[in-house]
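Peer 1: Any chance you could fold what I've pasted below:
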Amino acid sequence: MSTAMAPSLILVLTGALLVGCGVYLLLARSMVRMLLGFVLLGNGVNLVFLAVSSPPGLPPLVGEVDPERMADPLPQAMMLTAIVISLGLVSFLLALAHRSWELSGTDRVTVDPEDLRIVMRADRQDMSGSDFTGDDDLTPDDIDDEDLDAEGDHYMQMAVRRYRERRRETRQARARAFRPREGRGSPVVVPRLGARRLKDDEEGRP
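Peer 2: Numbers count the residues shown, from 1 in each chain. So this is what the prediction gives:
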């Protein structure tokens, strides 16, 4: 590869660093971190695409620059399109994070009990041999229903426990969020309501 066609090493390394940081943040449960990870990932991909798409050159100004010395304008136009699409997705994710904070007082994505129930139901209905003992001749009659019921109860208890913990954390966050408003409104209603909800959570009542 000639020197003129060699991509910029600094751009490639910077893009790879941005992509790595973006993927790491996308795996977090916080929606704000997901948003930042998506932004970093998009910018990193754009940098890598710009570095390897064409050799560096002069601005593509027709009539003012020699065509042989111009940079390829197509990758630049595609990057502009990617930036516009990324801006729309960032706005959508920002709206989701704001709505999640309004409803639950946090931006963390939690495990939905309904999702656990669906996964548990799929595991119980899947009768393939590879999921159990590796025996291709395994039939549904060979499966112990008591083991399946016990496993289902275990998953259900985990889901209920996690759901109650999330409700308790959400109500505590809401109580902290409404605490500065006690001076402007009623100073008695909000603490009593929060204390009653926390008491219901401790007793296991919905």
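Peer 1: what domains does the record give for the protein?
Peer 2: When the chain is parsed with automatic domain parsing, its domains come out as 9-60+71-104, 113-203.
Peer 1: any idea which of the ones you listed scores lowest on pLDDT?
Peer 2: Comparing mean pLDDT over those, the weakest stretch is domain 113-203, at a mean of 61.
Peer 1: got a list of what N43 touches?
Peer 2: The contact partners of N43, taken as CB atoms under 8 Å, 6 or more residues apart in numbering, are 15, 18, 22. C-beta: built from backbone N, CA, C; applies to glycine.
Peer 1: how far away is the second one from A82?
Peer 2: With distances defined as CB to CB, to the nearest Å, the gap from L18 to A82 amounts to 14 Å.
Peer 1: same thing with A175?
Peer 2: As defined by CB to CB, A175 lies at a distance of 43 Å from A82.
Peer 1: all helices for this structure, in order.
Peer 2: Using DSSP state H, the helices of the chain run over residues 9-26, 31-53, 73-104, 113-125, 145-178, 189-203.
Peer 1: for those, which one sits closest to P60?
Peer 2: Each of those has some distance to P60 by CB to CB; the shortest is helix 73-104, at 4.3 Å.
Peer 1: so that closest one versus helix 31-53, what angle?
Peer 2: Helix 73-104 runs at 170 degrees relative to helix 31-53, counting by axes from the mean of the first three to the mean of the last three CA atoms, to 10 degrees.
Peer 1: Give me the helices and strands touching helix 73-104, please.
Peer 2: Helices and strands in packing contact with helix 73-104 are listed as helix 31-53, helix 145-178; criterion 3 or more CB pairs under 8 Å, 6 or more residues apart in numbering; DSSP states H and E.
Peer 1: would CSV of those helices with distance to I10 be doable?
Peer 2: Supplementary listing: those in CSV, determined by distance: least, CB to CB, whole Å:
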stretch, distance to I10
helix 31-53, 9
helix 145-178, 43
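Peer 1: Out of the ones you listed, which is closest to L94?
Peer 2: L94 lies closest, by CB to CB, to one member of the helices and strands packed on helix 73-104: helix 31-53, at 6.1 Å.
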